[in-house]
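In: need a 3D model of the sequence below.
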Amino acid sequence: MARVRLIDVAELAGVSMKTVSNVVHDYPHVAPALRQKVQAAIDQLGYRPNLTARRLATGKTGMVALAIPEIDHPYFSELSRHIAEEATRRGYRVIIEQTLSDPAAERAVLNDREAGLVDGVIFHPVRMETLDIAKLDAGAPLVLLGEAAMPVMTDHVMIDNVSAALDATRHLLASGCRRIAFLGVIAADITGSTNQRLLGYQRALLEAGVQLDPELIFTASEFTAEAGVRSVAEAIERGVRFDGVVCRDDRFAIGALKALHDSGRSVPEDVAVVGWDNTFLAAYTSPTLTSVAPNKTAIVAAAFDLLEERIAGYRGVGRHVIVGHSLEVRESAPVAPDDSDLA
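Out: Below you'll find the predicted structure:
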């Protein structure tokens, strides 16, 4: 079947090619009745804009790239869905790239910007550091997510991880917990978020007058639920006493719930558990999981606002935007009777 052309739509609708182009590009000055007529012709013929022609005419592709470490990580999966939905609302399509935290793959994401395939990139780096990104020549507009890198000339969106960890730990303290563990630290951790969350956890304990105990910093071999199970089970076998756990993500928290169940400990009566990311899994664990909830909608909206300003020509210094978070309280760490102000 031959490709439907702009002129084919114009002939069927009985209008000029310029009018069809105005409708395709959603220019506001097209009369509603004319817009409806052209859209009916587009729908009837199944017309799709030629991206190559669009780029030649406007310098834009209508495409943005999203580069994330893991497609199947619950948080990044949910974030990708929000980004795809926001892109559609703003008239873009999304190309999703998985880097698996590989340095070469992360460099390729930024180097390929210069190929002209996309109008902009939303990128969550893990391996690449601030200076690595700053040294690259500017290609398509770029917005960073996460905590790994923050070049002064690059836009960046994140939550305040220290503050969020403070909130999670304070919640457990207000519920009466005093032997609160942190799950977990990984020897080869290359993320920036773990250290920030660990810092917030420590600050909350110190401000409450609770002595820090290195024995309560649980280590894990990798970022998986299975590693969380092993880490908590090993702590129990060593006889470590704890009545609360702040987990660096929901996968670790799910592992903690299983290890505690397997050991005969009740959640939250014996040990209260707080996860992180508030992924869809949190509402379906048993018990349901209290979790730090980054405002994913706000993260995505801020990223697109910054990206579109760059696409439109902004060339100033980087804007570093911190969006809000909350604590989604569920059964694994409920609100204490006198803790209503943290609900």
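In: please make it C-alpha for all contacts and neighbour counts, starting now.
Out: Fine.
In: how far out from the middle of the chain is stretch 96-116?
Out: 17 Å (C-alpha atoms, centre = their mean, to the nearest Å).
In: end-to-end on it?
Out: 16 Å (C-alpha to C-alpha, to the nearest Å).
In: what is the mean pLDDT for that stretch?
Out: Across stretch 96-116, the average pLDDT comes to 83.
In: quick check: buried residues in it?
Out: 96, 97, 98, 99, 100, 101, 105, 106, 107, 109, 110, 113 (16 or more other C-alpha atoms under 10 Å).
In: so residue 65: helix, strand or coil?
Out: strand (DSSP: H, G, I helix; E, B strand; the rest coil).
In: for residue 213, see how far away residue 206 is.
Out: Distance of residue 206 to residue 213, computed by C-alpha to C-alpha: 11 Å.
In: cool, residue 237 as well?
Out: Counting by C-alpha to C-alpha - residue 237 and residue 213 are separated by 18 Å.
In: distance of the residue nearest in space to the middle of the chain from residue 15?
Out: Centroid-nearest residue in the chain, with C-alpha atoms, centre = their mean: residue 79, separated by 4.6 Å. Between residue 79 and residue 15 the computed distance is 41 Å (C-alpha to C-alpha).
In: next one: residue 164
Out: 56 Å.
In: higher neighbour count, the two?
Out: Neighbour count, other C-alpha atoms under 10 Å: between residue 164 and residue 15, residue 164 has more, with 23 against 15.
In: neighbouring contacts of the host helix or strand of the more buried one?
Out: Under DSSP states H and E, the secondary-structure element containing residue 164 is helix 161-174. Identification of contacts with helix 161-174 by C-alpha atoms under 8 Å, 6 or more residues apart in numbering yields 180, 193, 196-201, 203-205, 208, 244, 246, 272, 274, 292, 325-327, 333, 335-336, 338-339, 342.
In: how about the helices in the stretch 51-200 of the chain?
Out: 51-58, 74-89, 103-111, 130-134, 161-174, 193-207 (DSSP state H, counting those that start in this stretch).
In: hmm, residue 285 is touching residue 254, no?
Out: Yes: under the criterion of C-alpha atoms under 8 Å, residue 285 makes contact with residue 254 at 7.3 Å.
In: those two: which is more packed in?
Out: Taking other C-alpha under 10 Å, residue 285 and residue 254 do not tie; residue 254 has more neighbours (26 against 15).
In: and the strands in the chain?
Out: Taking DSSP state E, the strands of the chain run over residues 63-68, 93-98, 120-123, 142-145, 155-159, 180-186, 217-220, 244-247, 272-276, 290-294, 320-323, 325-328.
In: what lies in contact with the fourth one?
Out: Judged by C-alpha under 8 Å, 6+ apart, the contacts made with strand 142-145 from elsewhere in the structure are 120-125, 150, 154-158, 303, 306-307, 310.
In: ok, now the longest one?
Out: Judged by C-alpha under 8 Å, 6+ apart, the contacts made with strand 180-186 from elsewhere in the structure are 169, 172, 194, 198, 201, 216-223, 228, 242-248, 252-253.
In: and if you look at stretch 243-253?
Out: Stretch 243-253 has contacts (C-alpha under 8 Å, 6+ apart) with 165, 168-169, 172, 177-184, 194, 197, 201, 223-229, 270-279, 281-282, 289, 291.
In: how close does the residue nearest to residue 271 when sequence neighbours are not counted get to residue 178?
Out: Counting by C-alpha to C-alpha, 6 or more residues apart in numbering, residue 271 lies nearest to residue 243, which is 4.2 Å off, once chain neighbours are set aside. Here the criterion is C-alpha to C-alpha. By it, residue 243 lies 7 Å from residue 178.
In: pLDDT at residue 249, what is it?
Out: pLDDT, read off for residue 249, is 95.
In: count of residues packed around it?
Out: Neighbour number of residue 249 under other C-alpha under 10 Å is 24.
In: same deal with residue 326?
Out: 16.
In: residues contacting it?
Out: Residue 326 makes contacts with 164, 292, 293, 294, 295, as judged by C-alpha under 8 Å, 6+ apart.
In: touching, the third one and residue 276? I think so.
Out: Yes: counting by C-alpha under 8 Å, residue 276 is a contact partner of residue 293 at 6.7 Å.
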